[in-house]
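Novice: Here is my input, please return the structure:
(chains A and B)
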Protein chains: 2
Amino acid sequence: MNPKLQCLRNKMASLDLQGMIISNPVNIKYLIKVEAEGLLLITRKENIFITDGRYIEEVHSVLTLYDEVTVYDAKGLTVDDYENFFMFCENVGFEENHLTYAQYKDYIRKYKINNFVETEYMIERERLTKDTEELESIKKACEITDECFNYITKQIKPGMTEIQIAKMIQEYYCEHAEGESFDTIVASGENSSKPHAVPTNRQIQEKDIITIDMGCKVNGYCSDMTRTIFVGEVPEQVKPIYDLVLKNEEQTLIEYKEGANTRLLTKMVENDFKLYGYNLIHALGHGVGLEIHEAPYISFRNDTKLRENMVVTTEPGIYIAGQFGVRIEDTVQITKDGCISLTKSGKDYIVIQ
Amino acid sequence: MNPKLQCLRNKMASLDLQGMIISNPVNIKYLIKVEAEGLLLITRKENIFITDGRYIEEVHSVLTLYDEVTVYDAKGLTVDDYENFFMFCENVGFEENHLTYAQYKDYIRKYKINNFVETEYMIERERLTKDTEELESIKKACEITDECFNYITKQIKPGMTEIQIAKMIQEYYCEHAEGESFDTIVASGENSSKPHAVPTNRQIQEKDIITIDMGCKVNGYCSDMTRTIFVGEVPEQVKPIYDLVLKNEEQTLIEYKEGANTRLLTKMVENDFKLYGYNLIHALGHGVGLEIHEAPYISFRNDTKLRENMVVTTEPGIYIAGQFGVRIEDTVQITKDGCISLTKSGKDYIVIQ
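Specialist: Residues are numbered from 1 along each chain as shown, chains lettered A, B, ... in the order given. Coordinates of the predicted model:
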């Protein structure tokens, strides 16, 4: 059986679960590499993927003998089939953070489940640390992001619109990777004061500040990087804020390591910002993997520790409403004694002409 | 108050709901045009949108006085604030098809809710029929899709890859609309036998059959169209299947009207396919609106009636595993006495050179 499914079965045994229904498509992709609408059932004797006619061929082309997954077309399944899958299972696990309340009620009835048991992010917790194959994909995605950033800074000229720049990034990623890992942010001038700005038809002007938040996918795995760049010159009033954000970003790269506390890391940056009269209005960072935002979240809300081979971002930012914003972000692999920044684009003032 | 919120409040009153938590982002977009992470609370006296620092500026720029929505940053809310929102509410509605089981449990605790009541697609049922403004957006999206199809058929040449063609469509939509409404399908040769094929690096060849499934967004509203086209000539073995699919697609356009039964419509096509030894392996159609796939679903599973100003697809298809497939699809507005196909691209054999 594939090692991720084997690992899941071991976890289930330790929790006295005889069966499990996996509905989160990201977890299904993680476990069996399949991207298709459907449910993965772990029963006493079998691994079963239930899908429909649209995906059957595709699913068969991805699964190998080694996965030991039986595929069913939902159209061919009877009421009895559903009731038999978990027969003699006392406890069946489900993903309470993915299954809707309506599905929860429906599945208990349809599968005749005795005890439907919350599994508390069991699979997501496996996904927290990345294995060699996953790390390779993320590194590649980060490499392509650096190359794309290098390319794009040579293309940007006053007169171009944010949308045009975002489109160039998107096209680069379509050509060199599996496309964007999220909607690229290109926020110029006063638009940069919105952390989640959507690219507009605003034209780049002389003396503009431009925040670009970008990432791509390789084998389904994401990269994430932000740089704030300048057109022609760095405005005097922006410099102290840029320096403060950069100082803190670099400080986090010193502090990110196995055992570092996520809440404390956030507080460190928050407090330094406050010292100068600013606030950190979003999380300091987040995990990156099959999802662009996944656990662990590095925020004041989350009291946990970084571990070796987690991949996370650090992205401090300061936003002056209606004026401008500065955010600097890298994707980082945690190691025993420190961390490795997987995105490597320069962070000193980047001035385009 | 905006009419969609007023309509929701009337519905709630009729169901003895004094409050409601709306979590489905599509429903939030439908009600108040806001696209941001957050929750819409309908309380006794207020409409409240709870979001976070990343979206506050954006949300304020979309909402008008007329919406009568108060915006809160979650970071500033206390335990007491949450408990006060639904004070004196006996019954509070929630979206059981969107809220996860974990959120369901969490919200009851956090908001101190007495009776948390399932609302059975209350808002989605309002979304089933489109108002004039919504219809205009969908019509425009369909128009752009026809223009894009016309453009693309002039560009496709043997030697191009499926991915290249899909990218051209994507770029056209980025330029002329708000981008794709779903990942464009370009499936050539034997790939066309997969209804949900993902574009590959397969090069278009002489005598190829190519299925293109495409759509874009205007004001958030989607279009959806599929054509199966030919390179150089129509292979003899494909003709009877193309004719059968087209005959059925045109038959549905005659039968689609207010009052037509969705299950019966599907059976009609299924039975005609069976007569010739083929199966309909997916639904006959689906609603189109803010989501590319939404209610009503036109399938053998769904025993309901079409209504005036619903917008739905008809998309019969036949797939010969490992060989080829044919699908023809239009987006259609239902009227009192019939229907209007909003996508208007030709459906006779389309042969490119």
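Novice: if I look at the one residue in the stretch 51-200 of chain A that gets nearest to chain B, how far off is B:L284?
Specialist: Nearest residue of the stretch 51-200 of chain A to chain B, counting by C-beta to the nearest C-beta: A:G53, 3.3 Å away. Just so you know, the C-beta spots here come from the backbone N, C-alpha and C atoms, and that holds for glycine as well. Separation of A:G53 from B:L284 (C-beta to C-beta, to the nearest Å): 13 Å.
Novice: Look at the two and report which has more neighbours.
Specialist: B:L284 (29 against 18; other C-beta atoms under 10 Å in any protein chain shown).
Novice: hmm, back to that, can you check the pLDDT for the nearest residue to the residue of the stretch 51-200 of chain A closest to chain B once chain neighbours are set aside?
Specialist: The shortest distance from A:G53 to any non-neighbouring residue, by C-beta to C-beta, 6 or more residues apart in numbering or on different chains, is to B:I281 (3.3 Å). B:I281 carries a pLDDT value of 93.
Novice: returning to that earlier point: so the residue of the stretch 51-200 of chain A closest to chain B is in which element?
Specialist: A:G53 is part of no helix or strand when elements are defined by DSSP states H and E.
Novice: close enough to count as contact, it and A:K75?
Specialist: Yes: using C-beta atoms under 8 Å, A:G53 is in contact with A:K75, at 6.4 Å.
Novice: Going along the chain, name the helices of chain A.
Specialist: A:3-14, A:25-32, A:56-62, A:79-85, A:101-110, A:122-127, A:132-155, A:162-176, A:239-255, A:262-275 (DSSP state H).
Novice: Distance of the residue of chain A most remote from its centre relative to B:V311?
Specialist: The outermost residue of chain A relative to its centre, with distances by C-alpha atoms, centre = their mean, is A:D80 at 39.0 Å. Using C-beta to C-beta, A:D80 is found at 38 Å from B:V311.
Novice: Up against chain B, what does the stretch 101-250 of chain A have?
Specialist: By the rule C-beta under 8 Å from any C-beta of the partner chain, the part of the stretch 101-250 of chain A lying against chain B is A:101-105, A:118, A:163, A:167, A:170-171, A:174, A:193-198.
Novice: quick one on the thing from earlier: could I get the phi/psi values of the residue of the stretch 51-200 of chain A closest to chain B?
Specialist: Main-chain dihedrals, A:G53, degrees, to the nearest 10: phi -50, psi -30.
Novice: that older thread, using ChimeraX, make a named selection holding only the buried ones among the residues of the stretch 101-250 of chain A next to chain B.
Specialist: Buried members of these, defined by 16 or more other C-beta atoms under 10 Å in any protein chain shown, are picked up in ChimeraX with:
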select /A:101,102,103,104,118,163,167,170,171,174,193,194,195,196,197,198
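Novice: Count the neighbours of the residue of the stretch 201-350 of chain A found nearest chain B for me.
Specialist: Chain B sits closest to A:I281 of the stretch 201-350 of chain A, with a gap of 3.4 Å, by C-beta to the nearest C-beta. Neighbours of A:I281 under the rule other C-beta under 10 Å: 18.
Novice: Can you give me the separation between it and B:K112?
Specialist: A:I281 is 28 Å from B:K112, where distance means C-beta to C-beta.
Novice: same check, this time on A:D330
Specialist: Distance from A:D330 to B:K112, by C-beta to C-beta: 42 Å.
Novice: which one of the two has more residues nearby?
Specialist: A:D330 (28 against 16).
Novice: can you pull up the bridge partners for the more buried one?
Specialist: Beta-bridge partners of A:D330, counted by DSSP bridges, are A:T314.
Novice: quick one, what contacts it?
Specialist: A:D330 makes contact with A:225, A:249, A:253, A:313-315, A:341-343, according to C-beta atoms under 8 Å, 6 or more residues apart in numbering or on different chains.
Novice: Dump those into a markdown table; add distance to A:I298 as well.
Specialist: Output for the contacts of A:D330, formatted as a markdown table (distance: C-beta to C-beta, whole Å):
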| residue | distance to A:I298 |
| --- | --- |
| A:M225 | 16 |
| A:E249 | 12 |
| A:L253 | 13 |
| A:T313 | 8 |
| A:T314 | 7 |
| A:E315 | 9 |
| A:S341 | 15 |
| A:L342 | 16 |
| A:T343 | 16 |
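Novice: Could you tell me the backbone phi and psi angles at the residue sitting nearest the centre point of chain A?
Specialist: Most central in chain A under C-alpha atoms, centre = their mean is A:I292, positioned 2.0 Å from the mean C-alpha point. The phi/psi pair for A:I292 (degrees, to the nearest 10) reads phi -70, psi -30.
Novice: what separates it from B:R54, distance-wise?
Specialist: Applying C-beta to C-beta to A:I292 and B:R54 gives a distance of 14 Å.
Novice: cool, and A:L284?
Specialist: For A:L284, the distance to B:R54 - C-beta to C-beta - is 13 Å.
Novice: Where do the domain boundaries of chain A fall?
Specialist: What automatic domain parsing lists as the domains of chain A is A:3-127, A:132-352.
Novice: So which of those domains has the densest surroundings on average?
Specialist: Comparing those by mean neighbour count (mean count of other C-beta atoms under 10 Å in any protein chain shown), domain A:132-352 ranks first with a mean of 19.
Novice: Distance from that one to the middle of the chain?
Specialist: Relative to its chain's centre, domain A:132-352 lies at 13 Å (C-alpha atoms, centre = their mean, to the nearest Å).
Novice: circling back to that earlier point, quick one: residues contacting the residue nearest to A:G53.
Specialist: B:I281 neighbours (C-beta under 8 Å, 6+ apart): A:52-54, A:75, B:195, B:317, B:319.
Novice: and what of A:M12?
Specialist: A:M12 touches A:18, A:20, A:42, A:93, counting by C-beta under 8 Å, 6+ apart.
Novice: Could you pull up the contacting residues of A:E37?
Specialist: Counted by C-beta under 8 Å, 6+ apart, A:E37 has contacts A:25, A:51-52, A:54-55.
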